[in-house]
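Colleague: take this sequence and fold it.
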Amino acid sequence: MLEYFRFSVGERLDLTRTLERLLRFGYQRVDQVADPGDFALRGGILDVFPVTFESPLRLELAGSRIASIRSFNPSTAETLDRHSMIVMLPRQVSMRLAVPAGKDAPDAGSDAPDEPLITLPSQLPNLDIPFESCVDLEEGDLVVHVHHGIGKFLGKTMLSTSQGQSEALMLEYADGDRLYVPVSQLHLVQKYLGMSGRGTTLHKLGGVAWERAKTRAYVGIWTYARELLELQAKRMSLPGHAFSTDHEWQRAFEASFAYRETPDQLEAIRQVKADMERPRPMDRLLLGDVGYGKTEVALRAAFKAVMDQKQVAVLVPTTILAYQHFRTFSARMKEFPLTVAMLSRFQTDAEQRQVLASIKSGATDIVIGTHRLLSSDVQFKDLGLLIIDEEQRFGVRDKEHLKRWRSQLDVLVLSATPIPRTLYLALMGSRDLSVISTPPENRHPVETVVAEDGDDSLRRWVLKELGRKGQVFLVHPRVADIARIAARVKRLVPGARVGIAHGQMAEDELERAMIDVIEARLDVLVTTTIIESGIDIPNANTLIINRADQFGLAGLYQLRGRVGRFTRKAYSYLLVPPGTVLTEDARERLRAIMQHTALGSGFNIAMEDLKLRGAGNLLGVEQHGHVTAVGFDLYCRLLREVVRRMKAGQPLGVMPEPFRIGREVSS
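Modeller: Model prediction:
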């Protein structure tokens, strides 16, 4: 049977036995937890870093009972999540996961399910341990049992077995049938994530619907994985430019970086350089939370390409981001003999013609632009590297154009749209992925408050930021009345320098507004979501979002990432009109953005967004239905298995045994 360690809020804890068992599980006692496998005891606080968790846990004791369990940031001690019950596994992964041969329910007559005809193998490879391995369930949550499908968690109960009393999860299925799952089989149960859960049908124990859903998902995943792997194989077979090893100037350029690189940044830089030096086109996706240093990786790749006499194109979705990158690239490279240009609607026709001529002649080494770069009149002398920032924001026609470029060029795609770690692990075998998940030094979480809109509060927040010589972003969802919002700020704070920026402004007006805020000639910028991606104003550390209930969760998270990019503490105020009755979805979005304020919360936000909006934005519309049918965690486990089997040259055949019950299912 699987050995495990379970802690629940309110239960008694024998500290002596607990410490002995932790040592037996392979954990080591330290003064302060830092790595998986560490634990520390100070007074009535036990800190432990489970090997299957992404952050350590703090158990606070009241006498001999557990008063609270929470995940925390080991650097700041800030709370990340609270738990009612957690399950820890031994440090060794040579665990035996055995399914009992008999019924897994108490003496409950017709409630007992049929015994699975296929049992789990005696050993499973790593973390096939479900996502987060933390069964933090609340009564009423939907769950997925690998063998029985979607049910509802009713709570915990005790089972009478031949080995004595054993705790179990009690799950409800269609027609009121119940399934009792011993805690030794927690690896078979995952919290259901797909859509919000509304309208999801419970499966019937012993029925065929779950078997069919898994089979359809398996076949759909096989198609998806085959397309990914075929695209990868085609790209790897194409000839490309093998860039030289680092030029002597590369070290000097990288030394000019004003901050200390995080370990994730260094690893991403190493992977990108290795890709560029291979004789095939690079196609790497770099994922990183907002403000985590993706641009520095792109800068070093661009510099490396130019040192090999190749041109670089940086493609961005908005003119504001183009201007921001142009300033950043120009400032970092000003000490070196290379030329950076910008191509966007900010420029006059004459300026654009001059840039086009410079690109064609090779006089421009790096050009940064919007989709204007994809126009037919843009011709490069010798383009070697394409960097795409936030590719998901480009249209279908633009993406078709980019497909042609991908077969000839090294391509580096940057995205701050985080994907859950489970999906990342599932895709690892089929895509070139790098993830930056370590926050930069001295970065603080953004304090987030949901509040009713009011003149007194607005005046106080703006004055507080101006009092420390900072700047304020005030985001409003509609262009139609944005001038009224700016006038309100001027009335409430008469001395404030207030500007407006939105996508419908004339090019020169928008450019002037952005330059004014970058050069700190504005105290408050009243703007739309045009600032959502890429704009980096370290001095702006107060964000006020008007009608926050009208924004999506991912949009709120991206907007919040515009502040807190400096060592100064930042604040985000999410405003709703007084007396507003919020929709259920709006309440959930605001609850999620309030709950996930820790650095690197983008992955948690992505999971919340998955529940609210579904998986179409992560995996495409075709796979969305499969995720809804079997749940996100099982989908990702199947995807990993399919990629492994395809790489081993195995046929579609039948579903892998750990995911299958009853009859064999042919393709």
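
Colleague: let me see the domain layout of the chain.
Modeller: With domains defined by automatic domain parsing, the chain comprises 5-88, 109-192, 246-436, 447-598.

Colleague: how about these, which one is nearest residue 646?
Modeller: domain 246-436 (8.5 Å; Cβ to Cβ). (Each C-beta comes from the backbone N, C-alpha and C, glycine too.)

Colleague: so who does residue 188 touch?
Modeller: Residues in contact with residue 188 (Cβ atoms under 8 Å, 6 or more residues apart in numbering) are 120, 145-147, 181.

Colleague: which of the residues you listed tops the neighbour count?
Modeller: In terms of neighbours by other Cβ atoms under 10 Å, those top out with residue 147 at 26 neighbours.

Colleague: secondary structure element holding that residue?
Modeller: Counting by DSSP states H and E, there is no helix or strand that carries residue 147.

Colleague: OK, contacts around residue 141?
Modeller: Residue 141 neighbours (Cβ under 8 Å, 6+ apart): 152-153, 191-192.

Colleague: quick check, nearest of those residues to residue 404?
Modeller: residue 192 (40.7 Å).

Colleague: could you report the neighbour count for the closest one?
Modeller: 24.

Colleague: ok, and the most crowded of the contacts of residue 141?
Modeller: residue 192 (24 neighbours).

Colleague: how close does it get to residue 145?
Modeller: 10 Å (Cβ to Cβ, to the nearest Å).

Colleague: do residue 27 as well
Modeller: Taking Cβ to Cβ, one finds residue 27 at 30 Å from residue 145.

Colleague: rewinding a little: in terms of mean pLDDT, which of the domains of the chain ranks lowest?
Modeller: Ranked on mean pLDDT, the bottom entry among these is domain 109-192, at a mean of 68.

Colleague: mind putting the domains of the chain into a markdown table with distance to residue 232?
Modeller: Compiled in a markdown table, the domains of the chain are given as follows (distance: least, Cβ to Cβ, whole Å):
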| stretch | distance to residue 232 |
| --- | --- |
| domain 5-88 | 27 |
| domain 109-192 | 22 |
| domain 246-436 | 6 |
| domain 447-598 | 27 |
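
Colleague: out of these, flag the one nearest residue 644.
Modeller: Short answer: domain 246-436, nearest of those by Cβ to Cβ, at 6.6 Å.

Colleague: quick one: distance of that closest one to the chain centre.
Modeller: Centroid separation for domain 246-436 versus its chain: 21 Å, with Cα atoms, centre = their mean, to the nearest Å.

Colleague: measure that domain end to end?
Modeller: Its start and end residues considered, domain 246-436 measures 22 Å (Cα to Cα, to the nearest Å).

Colleague: name the SS class of the closest residue to residue 154 other than its chain neighbours, please.
Modeller: Spatially, and ignoring its direct neighbours in sequence, residue 154 is nearest to residue 170 (4.5 Å; Cβ to Cβ, 6 or more residues apart in numbering). Under DSSP: H, G, I helix; E, B strand; the rest coil, the three-state class of residue 170 is strand.

Colleague: give the contact list for residue 170.
Modeller: 153-157, 178-180.

Colleague: recalculate using a threshold of 6 Å.
Modeller: 154-155, 157, 180 (Cβ atoms under 6 Å, 6 or more residues apart in numbering).

Colleague: so of the residues you listed, which ones are in strands?
Modeller: 154-155, 157, 180 (DSSP state E).

Colleague: most neighbours out of these, which is it?
Modeller: Counting by other Cβ under 10 Å, top hit in the ones in strands among the contacts of residue 170: residue 180 with 22 neighbours.

Colleague: counting by contacts, list what the top helix by length along the chain packs against.
Modeller: Assignment by DSSP state H gives helix 209-237 as the longest helix of the chain. Counting contacts by 3 or more Cβ pairs under 6 Å, 6 or more residues apart in numbering; DSSP states H and E, helix 209-237 packs against helix 621-630, helix 632-647.
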